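Peer 1: Structure for this input, please:
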Amino acid sequence: MKFAIMGSGGVGGYFGARLAEAGEDVTFIARGQHLAAMQQQGLRVSSIKGDVVLNPVKATDDPATLGEMDCVIVAVKAWQVREAAEAIRPLVGPGTMVLPLENGVEAAATLVDVLGEASVLEGLCGILAWREAPGHIRHAGVDPFVRFGERDNHSSERTAHLKAVFDTAHGLNAEIPDDIHVAQWSKFMFICAMSGIGSITRAPIGVTRQLPETRALIQAMLEEIDQVAQSHGVAFPADAVSRAMQFIDAMPADSTSSMQRSIMAGEPSELESQNGAVVRLGKAAGVPTPVNAMVYAALLPQERAARNELPATHEQG
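Peer 2: Sure, this is the predicted structure:
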């Protein structure tokens with residue numbers, strides 16, 4: 001299959017490299033130093049599942065030069081999804097699948113707004129990975145998985161074929177869940193709580209899950225997300241919160257989320273699409289989310305500063 005990877009950081013770089021390693025036709029869409037390094041030295045993935053080196057590697061910063069793809073994997077930051085959707089228009093034909101692998105729960109709807117309903121799948125992934133240096137991806141934790149399906153959960157030949165292709169790749173597990181929305185919100189639940197607690201404490205998950213005070217905050221965030229999901233029609237099982245906490249407890253102790261790493265680096269983060277989304281979606285459904293609202297409010301000044309959006313201040317006195 002012909003794949004384009006829109007966003008070639010930890011997620012896109014890892015899964016794209018595994019597909020290329022398996023013999024698929026993969027082109028990475030990147031920019032800046034990361035693109036230059038890939039074009040000059042290839043793409044290197046250091047992984048607990050075995051290293052991958054692609055040299056040469058197909059990479060470009062101009063999607064319009066590539067023609068129609070069989071599948072476009074969207075793995076940009078959540079706030080970049082609309083811009084990415086516009087950029088990949090030339091890649092999307094009648095038979096193209098567009099697979100978002102984002103941390104939030106709103107990416108597919110944004111893609112549909114730009115590209116139309118027919119091409120867009122719902123999807124998610126699990127991996128602890130990041131771009132360690134230009135041209136170099138580090139996969140340090142979590143057995144990588146992708147889960148995807150049609151937005152209305154019907155079975156389709158195209159998703160079955162896509163799963164069969166993923167199944168040939170080493171170092172990942174692919175699944176078509178019975179209910180993609182339950183799977184998506186289940187991932188969102190634990191990553192949002194992990195991101196929120198890590199971002200306000202600046203501590204890895206091994207610390208915050210052990211301290212009773214911060215563990216209580218994690219638990220409260222999980223419970224609020226559970227209530228918001230159910231208010232939006234997600235058929236969560238009764239033990240969704242305990243499952244999410246079990247996943248958090250199983251993470252490597254030094255784990256941090258991508259949102260936390262962005263915030264600690266003073267960069268724009270996925271705050272709006274994670275804890276901010278819980279607050280926004282909770283308000284829409286009349287569900288109170290006081291803990292997520294506190295986390296969101298506490299992080300908002302730094303987020304606005306990272307985006308150069310702080311209001312002007314005036315000295316008092």
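Peer 1: where along this structure do the helices fall?
Peer 2: Counting by DSSP state H, the chain has helices at residues 10-21, 32-41, 81-87, 107-115, 157-167, 180-201, 205-208, 212-231, 240-250, 258-264, 275-285, 290-306.
Peer 1: Show me which positions of the first one end up buried.
Peer 2: Taking 16 or more other CB atoms under 10 Å as the neighbour-count basis, helix 10-21 is seen to contain the buried residues 10-21. C-betas here are computed from N, CA, C, even on glycine.
Peer 1: And for the shortest one?
Peer 2: Applying a neighbour-count criterion of 16+ other CB under 10 Å, one finds 205, 208 buried in helix 205-208.
Peer 1: Show me the domain layout of the protein.
Peer 2: Taking automatic domain parsing as the reference, the chain has its domains at 2-178, 182-306.
Peer 1: what sits against P63?
Peer 2: When contacts are counted by CB atoms under 8 Å, 6 or more residues apart in numbering, P63 touches 4, 6, 29, 87-88, 90-91.
Peer 1: among the residues you listed, which ones are buried?
Peer 2: Applying 16+ other CB under 10 Å to the contacts of P63, the neighbour count classes 4, 6, 29, 87-88, 91 as buried.
Peer 1: how far away is the residue nearest to S186 when sequence neighbours are not counted from L217?
Peer 2: Spatial nearest neighbour of S186, excluding adjacent residues (CB to CB, 6 or more residues apart in numbering): A240 at 6.4 Å. Between A240 and L217 the computed distance is 18 Å (CB to CB, to the nearest Å).
Peer 1: Ok, F188 next?
Peer 2: Noted for F188: a distance of 17 Å to L217, by CB to CB.
Peer 1: Comparing the two, which residue is more hemmed in?
Peer 2: Taking F188 and L217 together and counting by other CB atoms under 10 Å, F188 has the greater number of neighbours (25 against 20).
Peer 1: which ones are touching the residue nearest to the more buried one when sequence neighbours are not counted?
Peer 2: The shortest distance from F188 to any residue other than its chain neighbours is 5.1 Å, reached at V105 (CB to CB, 6+ apart). Remark: with contacts taken as CB under 8 Å, 6+ apart, V105 is in contact with 184-185, 188, 277, 281.
Peer 1: how does it look with 7 Å?
Peer 2: The neighbourhood of V105, defined by CB atoms under 7 Å, 6 or more residues apart in numbering, consists of 184-185, 188, 277.
Peer 1: Of those residues, just say which sits nearest to K163.
Peer 2: Comparing those against K163 with CB to CB places Q184 closest, at 16.4 Å.
Peer 1: residues touching the closest one, list them.
Peer 2: Residues in contact with Q184 (CB under 7 Å, 6+ apart) are 105, 122, 124.
Peer 1: Can you check the pLDDT for it?
Peer 2: On pLDDT, Q184 comes in at 94.
Peer 1: do the same with T313
Peer 2: If you check T313, the pLDDT there is 69.
Peer 1: Ok, L310 next?
Peer 2: For L310, the pLDDT comes out at 82.
Peer 1: What count of nearby residues applies to it?
Peer 2: Here the neighbour count serves as a burial measure; for L310 (other CB under 10 Å) it reads 13.
Peer 1: Repeat that for I197.
Peer 2: Other residues near I197 come to 26 when the count uses other CB under 10 Å.
Peer 1: Was I right to think it contacts T214?
Peer 2: Yes - at 5.8 Å, I197 counts as touching T214 under the criterion of CB atoms under 7 Å.
Peer 1: Common neighbours of those two, please.
Peer 2: T208.
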